[in-house]
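> Show me how the following folds:
(2 chains)
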Amino acid sequence: MLTIAGRTFKSRLFGGTGKFSSPQVMKEALEASGCEMVTVALRRVDLANPEDDIMSVLDRRKFLFLPNTSGARDAHEAVRLARLARAAGGGEWLKLEVTPDPRTLLPDPVETLKATEILVKEGFIVLPYINADPVLALRLQDAGAAAVMPLGSPIGTNQGILTAFQIAIIIEQARVPVVVDAGLGAPSHAAQAMEMGADAVLVNTAIAVAGDPVRMARAFAMAVEAGREAFEAGLGARRAEAAASSPQTGLDFLR
Amino acid sequence: MTQDTFTIPDFAELRQLVATHGHAAEVLRALRSERLDINGLAALLSPAAENLLPQLAARSGQITAKRFGRTIQIYAPLYLSNFCINRCAYCGFSAGNRIERRVLTMAEAEEEAMILHGRGFKHILLVSGEAPARLGVDYLVELAARLRERFASISIEVQPLEEEEYARLFASGITSVAVYQETYDRGIYSQVHHGGRKCDFDYRLATPARAAAAGMREVGIGALLGLADWRLEGLALGMHLAWLRRHYWRTALTVSFPRLRPAEGGFQPLVTVSERMLSQLIFALRIFDPDVGLLLSTREEARFRDGMVGLGPTRYSAGSCTAPGGYAHPELAGEQFSVGDHRSMQEVCADICRRGYDPVRKDWDATFQIQDGGGEMSAAAL
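As a prediction, this is how the structure comes out:
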């Protein structure tokens, strides 16, 4: 079972709460996905308001809320958002997003590391969203991040895993869970991440914007399970040439 | 070498660009491509694209959903003053017009803001005519300080300011600046601007860059439709967007599409921009720039705004009054223009929901507005 910061998760699919056509559709899709952790943008919700349109429809016993700092353009803003969120009852868990470029929403590695160092010291459980940079992942792990969340491709692009080579290195090196986040546009992308050995994936746009978000959520859940099962079963290595299933290598000469 | 000021080609040159690329084959290519250059935008704005309007709409809608989701952000304008030193042929606030002039006191402005707050608005746009002696930076700084913790975001649409002034406003909690060129056609620009500081085309053109340089999170540009050829305005807007993106990558950008509305002064539009044309312009810019926020205000009628949900625009105003003090006192005259969509915010939101979209009232946070100076950020210091 997946464990992050001492908490276990049956599902290796994490969900998002943005971009849905209504809070009701969001709720149904997230429930269908079986996910137990959902990220929610602090800029989008009003934590102090019990009637907030997003927070009020999701059952807190079913979902662990992972507040995110989307919109923060430096460490300073991210830290401030995190503190205010915790003060408003948002808890210790935090998806750290520092994205100074509002167009690509690609994360700033320098500011992300800075913010992680501060927030970890203050007792936050920090899951930083990063570009798929293996050295950065190690630095964040050393700084006390509870997991790392490298991107498959820029957020919202549905491009799948364009960073496979680096993600493979991150997975190989990491002592903390690796959650592939952003860019997963199809269940096959999620399955690929899981087959590679990712501990979990986070999917939002592909589910929220699908023709039928509820069915798409189910499809992702199945893909994540299939990919994980394949990883645990032990995938055969890929090779360039064909390999016979019953090799006929002439070893008759051996005594 | 980077070019440090944005310049706009002559409209004759832009017209040539639209003529050169305005062929069905180029339109189709633009519709298929992932990234559009300015030639592709010219094709989508051309008459050749008119026959493919449904295809443009579909592509625009698809791109918008992917980037912004199935959501429309809701905001309201708050008119602070209708004093104006400029003489602009098309505007109800024009210095020559005999309208009831008013600048809200701080208390009145706050009262208006709290009415909007009570109606559920979290994003507000402060608007005023250009009369720095009556409403200058000090006024805005004070008002922002009073409002910033109560709203998710505060934007302004006031006279063009200097970079240092924008920096002061940013520090006081204003995060977004809208300043529309009105028309990118120099000739028409001088024809409709008869007096006041606004007559300086180049100063105005450089304003969005000054706001971005000052650190504003978002800068809005736009052209008033009904003055010059809308296809060429669209091209100019695309060029302006592309230039701003290259120079200020931290700044989010938006575009507005104000079509001329009946206003005091009785100005007749110089050119007609139909709803079909307006929609083509919106689709073309969306396909050209997938990340730009697109605003559709209550200048447009409810039917049109309803129909456009999901096809490109990302932000709607609602329940707007364009006379200073008009929320507390609906009987007040002195409006900038008469609105085309008279629905309340609740009605606009309900109609957006019916279209299968989520009307988002909060998509930013007051926390971002509190500029506590940066400085030390160690655990002890904060």
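> State which helix of chain B is the longest.
In chain B, ranked by residue count with DSSP state H as the criterion, the top helix is helix B:230-247.
> Could you measure from the residue in chain A that chain B sits nearest to over to A:Ile155?
For chain A, the residue positioned closest to chain B under C-beta to the nearest C-beta is A:Lys19, at a distance of 2.2 Å. (Glycine included, C-beta is placed from N, CA and C.) Applying C-beta to C-beta, to the nearest Å, the value for A:Lys19 to A:Ile155 is 11 Å.
> and what of B:Leu241?
According to C-beta to C-beta, B:Leu241 stands 21 Å off from A:Ile155.
> what do you get for B:Val219?
22 Å.
> which one of the two has more residues nearby?
B:Val219 (26 against 23; other C-beta atoms under 10 Å in any protein chain shown).
> where does the more buried one fall, helix, sheet strand or coil?
strand (DSSP: H, G, I helix; E, B strand; the rest coil).
> Can you give me every residue that contacts it?
Taking C-beta atoms under 8 Å, 6 or more residues apart in numbering or on different chains, we find B:Val219 in contact with B:176-179, B:208, B:211-212, B:244, B:248, B:251-254.
> What is the nearest of the residues you listed to chain A?
Proximity of the contacts of B:Val219 to chain A, judged by C-beta to the nearest C-beta, is greatest for B:Ala252, which lies at 3.8 Å.
> secondary structure class for the closest residue in space to that closest one that isn't next to it in sequence?
Beyond its immediate neighbours in the sequence, the residue positioned closest to B:Ala252 (C-beta to C-beta, 6 or more residues apart in numbering or on different chains) is A:Pro102, lying 3.8 Å away. Following three-state DSSP, the label given to A:Pro102 is coil.
> Need the pLDDT of residue 59.
In the absence of a named chain, chain A is used. Confidence at A:Asp59, expressed as pLDDT, is 84.
> if you could check chain B rather than the one you did, that'd help
96.
> Wait, B:Gly22 touches B:Leu44, no?
No - taking contact to mean C-beta atoms under 8 Å, the distance of 9.4 Å between B:Gly22 and B:Leu44 leaves them out of contact.
> more neighbours, those two?
Neighbours of B:Gly22 and B:Leu44, each counted by other C-beta under 10 Å, are more numerous for B:Leu44; the result is 32 against 19.
> Secondary structure class of that one, three-state.
Taking three-state DSSP as the rule, one finds B:Leu44 in the helix state.
> any idea how far chain A is from it?
The spacing between B:Leu44 and chain A, counted by C-beta to the nearest C-beta, to the nearest Å, is 20 Å.
> now B:Met114
B:Met114 is 17 Å from chain A, where distance means C-beta to the nearest C-beta.
> any idea which helix or strand carries that residue?
Using DSSP states H and E, B:Met114 maps to helix B:106-118.
> Quick one: residues contacting A:Arg215.
When contacts are counted by C-beta under 8 Å, 6+ apart, A:Arg215 is found next to A:Ala32.
> Angles on the backbone of it, please.
Here the main-chain torsion angles of A:Arg215 (degrees, to the nearest 10) amount to phi -70, psi -40.
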